[in-house]
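Peer 1: A predicted structure for the sequence below; I have some questions about it.
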Amino acid sequence: MSTPAAPATNTPNPTAPGAIRVRPLLRESTASYLNRLAGTYRLDSHQLLEGIGITIHGRPGSTPGHSEIVLSPTALHHVATFARVPELQLALGRGIHGSGGPDPSHPTARWQPLEPARQPTRTCPQCTLRHTHGTTSQAWAYQAQHRRLCPRHHQWGTPPGDTASLNTRALPELAQAHHAHRRLVRRPDPTTTYQWADMITTRWYDHHQHLTQRWHHRLTRLADTNPTPAHGRSWALTGRDALTYPETVALARHLTRTPRGQTGTGFLDQTAHALGLDRLVLPTDDLLRAWIHTKRERPRHRCL
C-alpha cells in the first residue's frame, strides 16, 4: 500500500527564491515590507520568516508601526534572496539598526518598540496601491517631513495611532506649502531650521497662541471631509501636524533667510509678515525667543 502524499503548504523553501519579486517602497519600514511580502503568499510575517530559516526574537506591538523588526545581515540576505531583490539592504529605509539577535552571523530577527518620534507614517494609499500592483493600499515608511503630503492625491501621512491617512483636498494651502518645502530642503542645513519651526508652531498650537483662529477654521474644513478619528482621538491632535504645516514651512523659510545677528529691531515684524499676521507679540517663554538667542550666539571655534 502506497504512502499518501503530504498535503501542499504555502511555507517557503528557506534556500530558494520565491515565485514573485516584491520590491520595497521608498524608505518603507522593514516590518511593513515583510508584512506585504508575506501577504503575497497568504502568510503572516512570522510564518514567512520561520519558513526561510530565520529565528525570531520578541513580539510585534499591537498596533502596526509602533514597533520595528531588525534583521541580522544573514537574515536580510535570506529575505533578499526569497524576494528576488539583491539590493534589498540598500532599499529598506529602516528606522533602527542592529544585529537582529545575539549573533549577527545567524539568520535572526528581533522585534523592537519604537519611540513616537521614530515611528513611520502611513504612505499615500493611492500611490501604494499603484506601486504594489493593486495588492494593498496600506504601508508604512520613514518619510521625511517634506514627503508626508502626497500633492497628487492630497493625502497626509499619519502616525500609527491613526487609522487612515488624511484627505487634504479641502486645504489647498498644504499643497502650496509642500511646493515651498521642497525648495527649502535645497538650502544649507534645512533640517535643523525646520525642526525649530516645527517645535515653535506646535507650541503655539498647543497653547492656543498667535494663529489659533486660522488653525481652527482649517481644522473645521479637515473634519468636514474626513471620517471621525478612531480610538477616541480628537481632531485637535489628529490634525495638528497637517494644520500647522503651512505656517511651519513659512516660518522655516523665514528663519533660514535670517542672517546671524539680524534678529533685533524689526525681526518680529518681518516674522509676522512671513506668517500673514499684522503683528507678533511673544511671551517671555516663547520658543521663538529661544531660537533668537541661539541665532545670536557666536559659534565656538574648534581646536585643530
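Peer 2: Done, it's in.

Peer 1: and residue 159, what is it in contact with?
Peer 2: For residue 159, the contact set (C-beta atoms under 8 Å, 6 or more residues apart in numbering) comprises 65, 116, 119, 121. For every residue, glycine as well, the C-beta is placed using N, CA and C.

Peer 1: check which helix or strand covers it.
Peer 2: Using DSSP states H and E, residue 159 sits within no helix or strand.

Peer 1: So residue 69 belongs to a helix, correct?
Peer 2: No. Using DSSP: H, G, I helix; E, B strand; the rest coil, the assignment for residue 69 is strand, not a helix.

Peer 1: Go ahead and confirm it touches residue 113.
Peer 2: No. With contact defined as C-beta atoms under 8 Å, residue 69 does not count as touching residue 113 (11.1 Å).

Peer 1: May I see the ChimeraX selection of the buried members of the contacts of residue 159?
Peer 2: Buried residues among the contacts of residue 159 (16 or more other C-beta atoms under 10 Å), as a ChimeraX selection:
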select :65,119,121
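
Peer 1: So which of the contacts of residue 159 is the closest to residue 77?
Peer 2: The shortest approach to residue 77 among the contacts of residue 159 belongs to residue 65, at 25.5 Å (C-beta to C-beta).

Peer 1: Contacts only, for the closest residue in space to that closest one that isn't next to it in sequence.
Peer 2: Spatial nearest neighbour of residue 65, chain neighbours left out: residue 160 (3.2 Å); criterion: C-beta to C-beta, 6 or more residues apart in numbering. Listed by C-beta under 8 Å, 6+ apart, the contact partners of residue 160 are 63-66, 119-120, 140.

Peer 1: Just the buried ones from those residues?
Peer 2: Buried among these (16+ other C-beta under 10 Å): 64-66, 119-120, 140.

Peer 1: pLDDT added to these, as CSV?
Peer 2: Output for the buried ones among the contacts of residue 160, formatted as CSV (pLDDT from 0 to 100):
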residue, pLDDT
64, 79
65, 84
66, 89
119, 91
120, 93
140, 93
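
Peer 1: Tell me the one of those residues nearest residue 73?
Peer 2: Distance to residue 73, by C-beta to C-beta, is smallest for residue 120 among the buried ones among the contacts of residue 160, at 21.9 Å.

Peer 1: dump the residue contacts of the closest one.
Peer 2: 28-29, 32, 65, 95, 140-143, 160.

Peer 1: Mind putting the contacts of residue 160 into a markdown table with secondary structure and distance to residue 20?
Peer 2: As requested, these are exported to a markdown table (DSSP: H, G, I helix; E, B strand; the rest coil; distance: C-beta to C-beta, whole Å):
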| residue | secondary structure | distance to residue 20 |
| --- | --- | --- |
| 63 | coil | 28 |
| 64 | coil | 22 |
| 65 | coil | 24 |
| 66 | coil | 28 |
| 119 | coil | 28 |
| 120 | coil | 24 |
| 140 | strand | 21 |
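
Peer 1: Show me which pair in those residues is furthest apart.
Peer 2: 63 and 120 (11.8 Å).

Peer 1: could I have the least confident helix or strand in the chain by mean pLDDT exported to PDB, CA atoms only?
Peer 2: One helix or strand of the chain scores below all others by mean pLDDT, DSSP states H and E: helix 88-91, with a mean of 76. What follows is helix 88-91, C-alpha atoms only, in PDB (Å, rounded to 0.1, in the frame of the first residue of the first chain):
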ATOM      1  CA  LEU A  88      17.300  45.000  -0.500                       C
ATOM      2  CA  GLN A  89      19.800  46.000   2.100                       C
ATOM      3  CA  LEU A  90      20.200  49.500   0.500                       C
ATOM      4  CA  ALA A  91      16.500  49.800  -0.400                       C
END
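
Peer 1: returning to what we had before: now intersect the contacts of residue 120 with the strands, please.
Peer 2: Among the contacts of residue 120, the members falling in strands (DSSP state E) are 140-141.

Peer 1: Would you mind checking the contacts of residue 120 for buried ones?
Peer 2: Neighbour counting by 16+ other C-beta under 10 Å classes 28-29, 32, 65, 95, 140-143, 160 among the contacts of residue 120 as buried.

Peer 1: Same list (those residues) but as TSV, adding distance to residue 225.
Peer 2: Shown next, in TSV, are the buried ones among the contacts of residue 120 (distance: C-beta to C-beta, whole Å):
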residue	distance to residue 225
28	27
29	28
32	26
65	24
95	30
140	23
141	24
142	27
143	22
160	22
